[in-house]
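Visitor: Give the three-dimensional model of this entry:
(one chain, ligands or ions: 1)
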Amino acid sequence: MLASGDELLTCTFCPFRAACIQLVKPAQSSFDGVAGGRLWISGRVYAEAPGVDPDELEESKLRAVCGTDTGWRQHRSYGEEPCPSCRSAMGLFNEARKFTTAAQAA
Ligand SMILES: [Zn+2]
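Guide: Okay, here's the model as predicted:
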């Protein structure tokens, strides 16, 4: 048995369970471990702390990792200025695309 759920008693009175789930996004990230008063295995709840509220399970949409061209696009779609890591990644992506386009034209 992986866990009995007794490990989650610490989470019973934690005021950050919903924030914890928002940060980890266990369902969307197929998380294994303890987050938000639950033990998760492959993004599914395996055990719960006593008294948890199902409303805590609401997760905002998982976003791309910064430092990627997808991260750059998501910054733009959320109306944000892309961070330096994403700007750098998009610059490299555009350079690589120019290189590939030039190679295909030759
Ligand atoms: Zn970013």
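Visitor: Give the buried residues for stretch 12-21.
Guide: By neighbour count with 16 or more other CB atoms under 10 Å, stretch 12-21 contains the buried residues 17, 18, 20, 21. Any C-beta I mention is one placed from the backbone N, CA and C, and that applies to glycine too.
Visitor: Dump the helix or strand that contains the second one to CSV, restricted to CA.
Guide: Element membership of residue 18 [criterion: DSSP states H and E] is helix 17-24. The C-alpha atoms that make up helix 17-24 are tabulated as CSV, following Å, rounded to 0.1, in the frame of the first residue of the first chain:
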residue,chain,number,x,y,z
ARG,A,17,-5.0,23.8,0.3
ALA,A,18,-6.8,25.5,-2.6
ALA,A,19,-3.7,27.7,-3.3
CYS,A,20,-1.5,24.6,-3.2
ILE,A,21,-3.7,22.9,-5.8
GLN,A,22,-3.6,26.1,-7.9
LEU,A,23,0.1,26.1,-7.8
VAL,A,24,0.8,22.4,-8.5
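Visitor: residue contacts, the nearest residue to residue 27 once chain neighbours are set aside?
Guide: Closest residue to residue 27 apart from its sequence neighbours, by CB to CB, 6 or more residues apart in numbering: residue 43 at 4.8 Å. With contact taken as CB atoms under 8 Å, 6 or more residues apart in numbering, residue 43 is in contact with 26, 27, 28, 29, 30, 31.
Visitor: Pull the number of nearby residues for the closest residue in space to residue 10 that isn't next to it in sequence.
Guide: Nearest in space to residue 10, with sequence neighbours left out and distances taken as CB to CB, 6+ apart, is residue 49 at 7.8 Å. Residues within reach of residue 49, counting by other CB atoms under 10 Å, total 21.
Visitor: quick one: residue 49 and residue 62, what's the gap?
Guide: 23 Å (CB to CB, to the nearest Å).
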